[in-house]
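**Q** prediction below, plus the sequence it came from.
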Amino acid sequence: MRQEHLAVGAFALMTPELAGIGCEAAVLGLVARASADEVRHAEVCRRMAVIMLGEDQVPPAWRGLPKVPLQVGADARTRALRHVVEMCCLSETLTGAFFTEMHARATDAVARTVVESLLEDEIDHGRVGWAYLAARSQQGTVGGLAAALPSMLDRTFGTALRNLGRVVDDDAMEGFGYVRDGACREIFRRALRDVVVPGFETLGVDLSAARPTIEPLLEA
């Protein structure tokens, strides 16, 4: 619920950035819609939490904004590109891979429906980032991205890997889509190795500066 709520602010930030510099209408429309998607996701998660924990244990709403790197010193086009890549190509792509595994594991009918409703949107949120990056690559305007990738990768994949081990594995939770730490680690590495890295390479993004960050993540 918290993570979905924070995504509202991230997409709300990117919408005026993209509108200000201009982009394909389909991309702008999906990014603008994504804020509303995340509001709905937070409410879906809240309802699921109420089912499992009880109304008195779940806040009626969440509040707060994400800590989005402001890319101080970057021009508007560079800043927008970095924000879209980090949020969509990295974070939402990783989330899509994770939810796919959750859906495969869930046997509880309600849990499967919840994960499926989130997964469909998350896949779109990841795809719009790759579509935008592809357009910028074709224009030859991806300058400044390569140097920013190491910190972006660490904030997404590095943070996800470092956060493992904070929850005790529970057999009873697997039917609700719970993914154990060992499986989480493999999901994160597979998403980076099989989706993110090939995606950047296909679109001609220079990964030389990011390799020292990528290799330890793949071995973590």
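**A** Arrived safely. Numbers count the residues shown, from 1 in each chain.

**Q** please make it C-alpha for all contacts and neighbour counts, starting now.
**A** Will do.

**Q** and after the top helix by length along the chain, which helix or strand comes next?
**A** Taking residue count as the measure and DSSP state H as the definition, the longest helix of the chain comes out as helix 109-139. Following helix 109-139 in sequence order, the next helix or strand is helix 145-153 (DSSP states H and E).

**Q** how far away from the center of its chain is the longest helix of the chain?
**A** Averaged C-alpha coordinates place helix 109-139 at 9 Å from its chain's average position (C-alpha atoms, centre = their mean, to the nearest Å).

**Q** which strands and helices lie in contact with that helix?
**A** If contacts are counted by 3 or more C-alpha pairs under 8 Å, 6 or more residues apart in numbering; DSSP states H and E, helix 109-139 sits against helix 25-53, helix 76-84, helix 93-105.

**Q** so the residue sitting furthest away from the middle of the chain versus Val142, what's the distance?
**A** Within the chain, Asp56 marks the point farthest from the mean C-alpha position, 29.5 Å out by C-alpha atoms, centre = their mean. Distance, Asp56 to Val142, using C-alpha to C-alpha, to the nearest Å: 48 Å.

**Q** on that earlier part again, just send the helices and strands packed on helix 109-139 back as CSV, with mean neighbour count too.
**A** Output for the helices and strands packed on helix 109-139, formatted as CSV (neighbours: other C-alpha atoms under 10 Å):
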stretch, mean neighbour count
helix 25-53, 18
helix 76-84, 20
helix 93-105, 20
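
**Q** so which of those helices is nearest Ala19?
**A** helix 25-53 (7.0 Å; C-alpha to C-alpha).

**Q** quick one: contacts for Val115?
**A** Val115 makes contact with Phe99, Met102, His103, according to C-alpha atoms under 8 Å, 6 or more residues apart in numbering.

**Q** please read the previous query as pertaining to Ala210.
**A** Ala210 makes contact with Ala146, Ala147, Leu149, Pro150 under the criterion C-alpha under 8 Å, 6+ apart.

**Q** just checking, Thr95 touches Asp124?
**A** No: with contact taken as C-alpha atoms under 8 Å, Thr95 and Asp124 are classed as non-touching, separated by 11.3 Å.

**Q** ok, now which ones touch Met87?
**A** Residues counted as contacts of Met87 (C-alpha under 8 Å, 6+ apart) are Ala10, Gly129.

**Q** give the contact list for Phe157.
**A** Remark: with contacts taken as C-alpha under 8 Å, 6+ apart, Phe157 is in contact with Leu94, Phe188, Leu192, Leu217.

**Q** turn those into JSON lines, including pLDDT, secondary structure and distance to Phe200.
**A** Rendered in JSON lines, the data for these read as follows (pLDDT from 0 to 100; DSSP: H, G, I helix; E, B strand; the rest coil; distance: C-alpha to C-alpha, whole Å):
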{"residue": "Leu94", "pLDDT": "97", "secondary structure": "helix", "distance to Phe200": "14"}
{"residue": "Phe188", "pLDDT": "96", "secondary structure": "helix", "distance to Phe200": "17"}
{"residue": "Leu192", "pLDDT": "98", "secondary structure": "helix", "distance to Phe200": "10"}
{"residue": "Leu217", "pLDDT": "96", "secondary structure": "helix", "distance to Phe200": "16"}
